[in-house]
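Enquirer: Provide a 3D model corresponding to the input given below.
(2 chains)
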Amino acid sequence: MAEECCATGSGQNGVTMILSCSGGSNVGQLANQAAVELTQEGCGKMFCLAGIGGHLSGFVQSAKDVDRLVVLDGCEIGCSKAILDHLEIPMTTYLVLTEELGIEKNKDFNLKREEIEKVKEIAKKAGKMTRTESGATGSVCCA
Amino acid sequence: MEVKILGPGCPKCEQTEKVVKEAIQEAGIEAKVEKVKDAVDIASYGVFGTPAVVIDGEVKCVGKIPKKEDVLKWIQK
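Expert: Numbers count the residues shown, from 1 in each chain, chains lettered A, B, ... in the order given. Down below sits the predicted model:
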């Protein structure tokens, strides 16, 4: 329990927060699915963009205080970035999937496995994310 | 003033409580300080991790021990 208490935030055990859009398009859902799988693989912890957008203080302060923040937007409209810029929350790494993957945004929700894996690969590299020993699967706020 | 320290109990949480109480004493402010240890209760604040400090319902600090000067700013606003 002590380890989990000290497992987030600053210091050598700091965890990467992952925020992604979950928009109504293939790229929005690719971003979301990549964030889910990166969390399951222990490369970081997905957090709640909606809570931040709703100006709920716990979510906003968490994003401001985290050591590393990786943000995935599906397309160049950049909704995730707009939310964070509005609240002056700095991002460590920011990726726009239409630009990174060069894929066209559409309404096909049948996500391609190879595209999910590509997003994860790009995110891990850009965000310098590696799997932690604990293989963390969730934050305290999701307990 | 109502102050809550969120954390299941570890050296960082205890140090956070110490810093907060020292700041309150130094400021001479009347405040009720409560430690929130239950995971479900902590989750209700929407924080990414612990320790966390909540002052009058607003989360001020998450995942680290705050500096006393920061706590003083929060409670003297």
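Enquirer: contacts only, for the residue nearest to the spatial centre of chain B.
Expert: A centroid search over chain B (CA atoms, centre = their mean) returns B:Val53, at 2.7 Å, as the residue closest to the centre. Contacts of B:Val53 were listed using CB atoms under 8 Å, 6 or more residues apart in numbering or on different chains, and they are B:Val3, B:Lys4, B:Ile5, B:Leu6, B:Thr16, B:Val20, B:Val59, B:Lys60, B:Cys61, B:Pro66, B:Val71, B:Trp74. Backbone N, C-alpha and C define where each C-beta goes, glycine included.
Enquirer: most neighbours of all those residues, which one?
Expert: B:Leu6 (31 neighbours; other CB atoms under 10 Å in any protein chain shown).
Enquirer: could you count how many residues lie near A:Pro90?
Expert: With neighbours defined by other CB under 10 Å, the count for A:Pro90 comes to 10.
Enquirer: what sits against it?
Expert: Here A:Pro90 is in contact with A:Leu69, A:Leu84 (CB under 8 Å, 6+ apart).
Enquirer: and if you look at B:Gln15?
Expert: Per CB under 8 Å, 6+ apart, neighbours of B:Gln15: B:Ile65.
Enquirer: does it count as helix, strand or coil?
Expert: Of the three states, B:Gln15 takes helix under DSSP: H, G, I helix; E, B strand; the rest coil.
Enquirer: just the helices in chain B please.
Expert: Taking DSSP state H as the test, the helices found in chain B are B:11-27, B:39-43, B:68-75.
Enquirer: pipe those into CSV and attach mean pLDDT per row.
Expert: Shown next, in CSV, are the helices of chain B (pLDDT from 0 to 100):
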stretch, mean pLDDT
helix B:11-27, 96
helix B:39-43, 95
helix B:68-75, 96
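Enquirer: adding distance to A:Leu72, write the ones you listed out as CSV.
Expert: Shown next, in CSV, are these (distance: least, CB to CB, whole Å):
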stretch, distance to A:Leu72
helix B:11-27, 30
helix B:39-43, 24
helix B:68-75, 31
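Enquirer: on that earlier part again, now do the residue nearest to the centre of chain B against A:Gln61, distance only.
Expert: Counting by CB to CB, to the nearest Å, the gap from B:Val53 to A:Gln61 is 9 Å.
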